[in-house]
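Trainee: got a predicted structure plus its sequence, pasted below:
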Amino acid sequence: MDNSPVRITAEETLSDSWYLLKKYSFDLRRRDGSWQAQTREVYDRGNGATILLYNRGQRTVLLIRQFRMPTFVNDYPGYLIEAAAGLLDNASPEERIRLEAEEETGYRVGHVEQIYAAFMSPGSVTERIHFFMGEYQPGDRVGAGGGLEEEGEDIEVLELGFEQALEMVQSGDIVDGKTIMLLQHLELRMLKEGW
Ligand SMILES: Nc1nc2c(ncn2[C@@H]2O[C@H](COP(=O)(O)OP(=O)(O)O[C@H]3O[C@H](CO)[C@@H](O)[C@H](O)[C@@H]3O)[C@@H](O)[C@H]2O)c(=O)[nH]1
Ligand SMILES: [Mg+2]
């Protein structure tokens, strides 16, 4: 017997231009057992991965700054400070984050640790982001980073002190969700382990 609380009744593609925007019609079984018809728009850009590169000895992190159009059209100057990140494009999260971190920051990544995967905007976007932490050393730098110009990327690499980065979360100079989560994960680790 089908016990699912959801029955999809129709699926309409609203846009398949760069990524995929669909409208789903479905019946949802409410907690009282009754069924209710609903529709929701769902944006599918695949899944992603992100990493906080940190150096424990120097007490620094490597972040990037780039232009993000969706923030610009929502009353923000558009240049966002973020942890390196990329879409999976059919690679595994770990494979992808190594490639992306090197492409964006110029640092080759050694050991990485996956900490969790999270839905970042579950009311509208399918994406689940895989979160990683990785230590870097100055000698791991193999290029300038910056991303791929042919894809429109123009990425500035920033090396910041831990404390400065955490203060920038408080001051509103760092406003990207995944980056705030990663910096706070680092802060928890610093507190727990007494760095
Ligand atoms: N032409 C065109 N290019 C696009 C479009 N949308 C994205 N791109 C390009 O596609 C590439 C995607 O770059 P990635 O580095 O793989 O992804 P990202 O944009 O950094 O995404 C990461 O961060 C996001 C925000 O936190 C995450 O949502 C995502 O999962 C990932 O972690 C970028 O060059 C971007 O400009 C579009 O509509 N049109
Ligand atoms: Mg990226």
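Mentor: In hand now; what should we look at? Ligands and ions are numbered 1, 2, ... in the order given.
Trainee: now residue 93: closest residue in space that isn't a chain neighbour?
Mentor: Leaving aside its sequence neighbours, residue 93 sits nearest to residue 130 (C-beta to C-beta, 6 or more residues apart in numbering; 3.7 Å). Just so you know, the C-beta spots here come from the backbone N, C-alpha and C atoms, and that holds for glycine as well.
Trainee: the helix or strand hosting that neighbour and ligand 1, are they touching?
Mentor: Assigned by DSSP states H and E, residue 130 belongs to strand 128-135. Yes - residues of strand 128-135 are located near ligand 1 by C-beta under 6 Å from any ligand atom, namely residue 129.
Trainee: and that strand, how far out from the chain's middle?
Mentor: 8 Å (C-alpha atoms, centre = their mean, to the nearest Å).
Trainee: count the residues that sit near residue 95.
Mentor: With neighbours defined by other C-beta atoms under 10 Å, the count for residue 95 comes to 13.
Trainee: returning to that earlier point: can you list contacts of the strand holding residue 130?
Mentor: Where contact means C-beta atoms under 8 Å, 6 or more residues apart in numbering, the residues beyond strand 128-135 that reach it are 47-56, 85, 88, 93-94, 97, 101, 109-120, 178, 181-182, 185-186.
Trainee: got the angle for the helix ranked longest in the chain vs strand 128-135?
Mentor: Counting residues, the longest helix found in the chain (DSSP state H) is helix 177-193. Computed with axes from the mean of the first three to the mean of the last three C-alpha atoms, to 10 degrees, the direction of helix 177-193 lies at 50 degrees from that of strand 128-135.
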